[in-house]
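Student: Predicted model follows, preceded by the sequence.
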Amino acid sequence: MKIGNREVSAEHPPLVIAEIGINHGGDLDVAKHMVRCAHGAGCEIVKHQTHFIEDEMTEEAKSIFPPNADVSIWDVMERCALSADDERSLKAYTESLGMIYISTPFSRKAADFLNDIDVPAFKIGSGEADNLPLIRHIAAFGKPIIMSTGMQTIESLRPSVAILEASGVDYALLECTNLYPSPPEIVSLRGVKDLAEAFPGALVGFSDHSIGPQMALAAVALGAVVVERHFTDSRYRVGPDISCSMDPAELKFLIDRSREIHVALHNPKRRTAPEEDVYRFARASIVADRDIPAGTVITEADIWARRPGSGAIAGYEFDAVVGKQLLVAKRRNQQLDWSDFA
């Protein structure tokens, strides 16, 4: 997958997405400040949420209260949505900093708007992961898609993934738990592996709503190539997603540590060149375990393996020494050499 000029794959460092979402509370200046803070933390990409309320919800939404808010979902989005002009301004500002701007459309109108302002990719949220007509509409734009899979099973995802496959777009599936915040008792790190096994055509990542960076970093160790977390300039702000949002310091920590994990994840099991000096003293050499006269046929009781590893016969060659005849006498703890034997 390529989003803008950023390659996304197992061969590249994980793409860490700072989701500003609705944390700005509908204030463009606050949104720009959050983007600026994400940029300062070394982030490459920010994600917004695009809400055109009348095309997104029906009047029934005015009586639905989400678990992380004390007003209806309609009121939350109405209060926090940016206008179309404000979002254009936010995208332009983000790109002026050299960052990538993407967003989640929650309606057909929002998807059309984002395509019109030329976002390089689309994010589909967990709530829309089984909204087949919307997925089909977004996929028709032919741009890469990142889709969260919270509240879904492997089987319930299959029709949605079939649409993505049929469209030919590059896509990523993010394991996700939709509780804000998500306690470890219900977070599924195994879901990263489950998605990769069930959908081999997908890149796989992790959209994290837990507190702290642990789950996201563990997902990277399991092979996640995209990591998404809510982001705020300050946790002292008020908002439904603030409790599970990272601040600039944690964002920088997540980016830096995920890159370190990515490097280590691709190192094969071997003894490295910098370890050679350690190996020379840390390993054992075969030594006499007592004073042994010349002519002795060596038994296990005659020898042992002790540090340092500077001797000619390594500890792992213990069994090869047993049964050989010693040509010269050896004192206890004296290292043995192959030339000591017939």
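Tutor: That came through, no problem.
Student: what's the host helix or strand of Ile286 in contact with?
Tutor: Per DSSP states H and E: Ile286 is located in strand 285-288. Contact partners of strand 285-288, identified using Cβ atoms under 8 Å, 6 or more residues apart in numbering, comprise 302-315, 317-318, 321, 330-336. From N, CA and C alone the C-beta is placed, and that goes for glycine too.
Student: Which among the residues you listed count as buried?
Tutor: Neighbour-count burial (16 or more other Cβ atoms under 10 Å) is assigned, among the contacts of strand 285-288, to 302-305, 309, 311, 313, 315, 321, 330, 335-336.
Student: a markdown table for these, including distance to Glu44 and pLDDT?
Tutor: Below are the buried ones among the contacts of strand 285-288 laid out as a markdown table (distance: Cβ to Cβ, whole Å; pLDDT from 0 to 100):
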| residue | distance to Glu44 | pLDDT |
| --- | --- | --- |
| Asp302 | 63 | 98 |
| Ile303 | 59 | 98 |
| Trp304 | 56 | 98 |
| Ala305 | 51 | 98 |
| Gly309 | 45 | 94 |
| Gly311 | 52 | 96 |
| Ile313 | 53 | 98 |
| Gly315 | 48 | 97 |
| Val321 | 57 | 98 |
| Lys330 | 63 | 98 |
| Gln335 | 55 | 98 |
| Leu336 | 58 | 98 |
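Student: can you tell me which of those are in strands?
Tutor: Of those, the ones assigned to strands by DSSP state E are 303-305.
Student: Quick one: those as TSV, columns for distance to Glu128 too.
Tutor: Formatted as TSV, these follow (distance: Cβ to Cβ, whole Å):
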residue	distance to Glu128
Ile303	70
Trp304	67
Ala305	63
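Student: ok, back up a step: farthest pair within the buried ones among the contacts of strand 285-288?
Tutor: Asp302 and Gly309 (20.1 Å; Cβ to Cβ).
Student: Next, the buried residues of the helix or strand hosting Asp55.
Tutor: When elements are assigned from DSSP H and E, Asp55 belongs to helix 53-56. Along helix 53-56, these residues count as buried under the neighbour rule (16+ other Cβ under 10 Å): 53, 56.
Student: Show the average pLDDT along it.
Tutor: Regarding helix 53-56, the rounded mean pLDDT is 93.
Student: for Asn178, what are its contacts?
Tutor: Contacts of Asn178 (Cβ under 8 Å, 6+ apart): 126-127, 150-151, 209.
Student: which pair in those residues spans the largest distance?
Tutor: The farthest-apart pair in the contacts of Asn178, when distances are taken by Cβ to Cβ, is Gly127 and His209, at 12.9 Å.
Student: Between the two, which is the more surrounded one?
Tutor: Using other Cβ atoms under 10 Å as the criterion, Gly127 and His209 rank with His209 on top: 26 against 13.
Student: what sits against the more buried one?
Tutor: Contacts of His209 (Cβ under 8 Å, 6+ apart): 176-182, 229-230, 244.
Student: what does Asp75 give?
Tutor: Lys62.
Student: for the stretch 51-200 of the chain, which spans come out with low pLDDT?
Tutor: For the stretch 51-200 of the chain, no stretch has pLDDT under 70.
Student: coming back round to it: looking at the buried ones among the contacts of strand 285-288, which one is closest to Phe141?
Tutor: Gly309 (61.7 Å).
Student: Over to the closest residue to that closest one other than its chain neighbours: give its phi and psi.
Tutor: Nearest residue to Gly309, sequence neighbours excluded (Cβ to Cβ, 6 or more residues apart in numbering): Arg283, at 3.5 Å. Dihedral pair for Arg283: phi -80, psi 170, per degrees, to the nearest 10.
Student: mind starting the numbering at 43 from now?
Tutor: With the count now opening at 43, the last piece we talked about shows up as Arg325.
Student: What's the separation between Arg325 and Ala354?
Tutor: 13 Å (Cβ to Cβ, to the nearest Å).
Student: that older thread, is it possible to mark the buried ones in the contacts of His251?
Tutor: The buried subset of these (16+ other Cβ under 10 Å) comprises 218-220, 222-224, 271-272, 286.
Student: can you redo these as a markdown table with distance to Gly265 and secondary structure?
Tutor: Shown next, in a markdown table, are those (distance: Cβ to Cβ, whole Å; DSSP: H, G, I helix; E, B strand; the rest coil):
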| residue | distance to Gly265 | secondary structure |
| --- | --- | --- |
| Cys218 | 16 | strand |
| Thr219 | 18 | coil |
| Asn220 | 22 | coil |
| Tyr222 | 25 | coil |
| Pro223 | 24 | coil |
| Ser224 | 20 | coil |
| Arg271 | 18 | strand |
| His272 | 22 | strand |
| Cys286 | 23 | helix |
